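Novice: what shape does this take:
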Amino acid sequence: MRTEAIFGPGGNSKSFYEAGYTSTLQAPAFVKNLGLGAYEFEAGNGITAKPDTLRAIGEAAKVAGVEMSLHAPYYISLSGVEEEKRLKSVEYILRSLEAATALGADTIVIHTGSAAKISRDEALALARDTLERTLDAVGDTPIALGLETMGKINQLGTLPEVISLCKIDKRLAPVVDFGHINARERGTAFPDADSFRRVFDAIGSELSADAAKYLHCHFSKIEYTDAGEKRHLTFADEVYGPRFEPLAEAIVREGVCPRIICESSETMAEDALTMQHLYRLAQKANGAT
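Specialist: I've put the predicted structure just below:
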């Protein structure tokens with residue numbers, strides 16, 4: 001298992017293409033050459049790559065020593081009010097798991113759904129039903145079904161909601177998007193290291209020590225409105241947060257080893273490198289090795 005936090009991009013950065021790379025088959029080597037250790041395959045618009053291509057990417061990641069995850073399609077909705085459409089999500093998750101297996105990924109990231117037209121309790125009940133049906137269909141799998149914290153107020157996916165759903169079964173795992181949490185709380189979620197530490201502490205106490213220690217995370221600065229998330233930014237932004245330095249301090253002080261995927265707009269590789277640099281500075285400042 002990991003002994004340190006690791007970092008990587010979600011998808012291919014603008015610099016990836018500017019450097020002359022043309023295919024995600026080349027992404028693991030690109031990530032390794034930057035000195036990063038993780039990569040999230042983005043299938044938000046659907047899984048269109050052929051199985052042979054996914055297996056080739058997975059082999060390249062294995063050679064490069066890059067940890068893989070997969071972001072499942074955005075149109076998955078665990079809490080959809082139309083049952084036929086909601087249960088389609090089970091099929092989409094199964095397809096995502098097949099793709100993740102080919103990639104050698106250990107986690108898929110799933111959006112939990114909407115709570116716009118119904119109460120949050122009703123949305124949670126529908127999500128539980130969808131997940132229970134999914135788990136019955138999945139059977140025994142080593143790939144974690146990651147439930148992501150969401151950024152819009154009318155979406156299901158606060159941290160307590162995600163933790164509640166993950167209690168259904170050990171095959172479910174939280175995916176904490178710190179930018180999403182900050183956006184839905186309009187920039188007030190993470191003023192200091194202790195506020196980040198409380199996320200790890202909540203997961204550790206409510207789920208397990210390992211769930212907190214090896215947490216799969218997303219991080220980016222996100223513009224928000226009163227409705228929550230509006231759009232992903234880059235680390236060059238100085239208006240919206242959250243700042244990464246307090247999270248780096250929290251990771252070191254908690255002694256956790258998360259995998260943090262950067263979802264900045266176009267600069268995800270460079271911003272992942274910045275996070276790794278700030279994390280190492282925090283290690284030195286706290287006397288960690």
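Novice: which strand or helix spans residue 29?
Specialist: For residue 29, the host element (DSSP states H and E) is helix 27-34.
Novice: could you do residue 133 as well?
Specialist: When elements are assigned from DSSP H and E, residue 133 belongs to helix 120-138.
Novice: about what we covered before: so what touches the helix holding residue 29?
Specialist: 8-9, 12, 16, 19, 21, 37-39, 57, 60-61, 63-66, 269, 272-273 (C-beta atoms under 8 Å, 6 or more residues apart in numbering). To be clear about C-beta, it is placed using only N, CA and C from the backbone, and glycine gets the same treatment.
Novice: if you set the cut-off to 10 Å instead, what comes out?
Specialist: 7-9, 11-13, 15-16, 19, 21, 24, 36-39, 41, 57-68, 269-270, 272-273, 276 (C-beta atoms under 10 Å, 6 or more residues apart in numbering).
Novice: out of those, name the ones that lie in strands.
Specialist: 7, 8, 9, 38, 39, 41, 67, 68 (DSSP state E).
Novice: who wins for neighbours among those?
Specialist: residue 39 (31 neighbours; other C-beta atoms under 10 Å).
Novice: I figured it hits residue 26, correct?
Specialist: No. Shown here, residue 39 and residue 26 do not form a contact pair, counting by C-beta atoms under 10 Å, at 11.2 Å.
Novice: which one among the ones in strands among the contacts of helix 27-34 gets closest to residue 92?
Specialist: residue 41 (15.1 Å; C-beta to C-beta).
Novice: name the nearest residue to the closest one, sequence neighbours excluded.
Specialist: Computed as C-beta to C-beta, 6 or more residues apart in numbering, the closest residue to residue 41 that is not its neighbour in sequence is residue 70, at 4.6 Å.
Novice: burial measure for that neighbour, as a count.
Specialist: 25.
Novice: go on, residue 257?
Specialist: Around residue 257 there are 16 residues (other C-beta under 10 Å).
Novice: and residue 126, how far is that from residue 172?
Specialist: 16 Å (C-beta to C-beta, to the nearest Å).
Novice: list the contacts for residue 42?
Specialist: Counting by C-beta under 10 Å, 6+ apart, residue 42 has contacts 9-12, 24, 70-72, 74, 109, 261, 263, 268.
Novice: swap in residue 161?
Specialist: For residue 161, counting by C-beta under 10 Å, 6+ apart, the contacting residues are 79, 112, 115, 120, 123, 124, 127, 147, 149, 150, 155.
Novice: which residues in the stretch 101-250 of the chain form strands?
Specialist: With strands called from DSSP state E, counting those that start in this stretch, the stretch 101-250 of the chain shows them at 107-111, 144-148, 172-177, 216-219, 222-225, 228-232.
Novice: and the fifth one, what does it pack onto?
Specialist: Yep, that's strand 222-225 we're talking about. With contacts taken as 3 or more C-beta pairs under 10 Å, 6 or more residues apart in numbering; DSSP states H and E, strand 222-225 sits against helix 178-184, strand 228-232.
Novice: my guess is residue 85 is in a helix, correct?
Specialist: Yes. Residue 85: assigned to a helix according to DSSP: H, G, I helix; E, B strand; the rest coil.
Novice: need the nearest residue in space to it, chain neighbours excluded.
Specialist: In space, residue 85 is closest to residue 77, 7.2 Å off (C-beta to C-beta, 6+ apart).
Novice: swap in residue 68?
Specialist: Looking at residue 68 with C-beta to C-beta, 6+ apart, the closest residue is residue 105, at 4.0 Å.
Novice: just checking, that neighbour touches residue 40?
Specialist: Yes. Counting by C-beta under 10 Å, residue 105 touches residue 40, with 8.4 Å between them.
Novice: okay, and the common contacts of those two?
Specialist: Contacts common to residue 105 and residue 40, judged by C-beta under 10 Å, 6+ apart, are 67, 68, 69, 70, 71.
Novice: and the residues you listed, which is closest to residue 98?
Specialist: Among those, and counting by C-beta to C-beta, the member closest to residue 98 is residue 70, at 10.2 Å.
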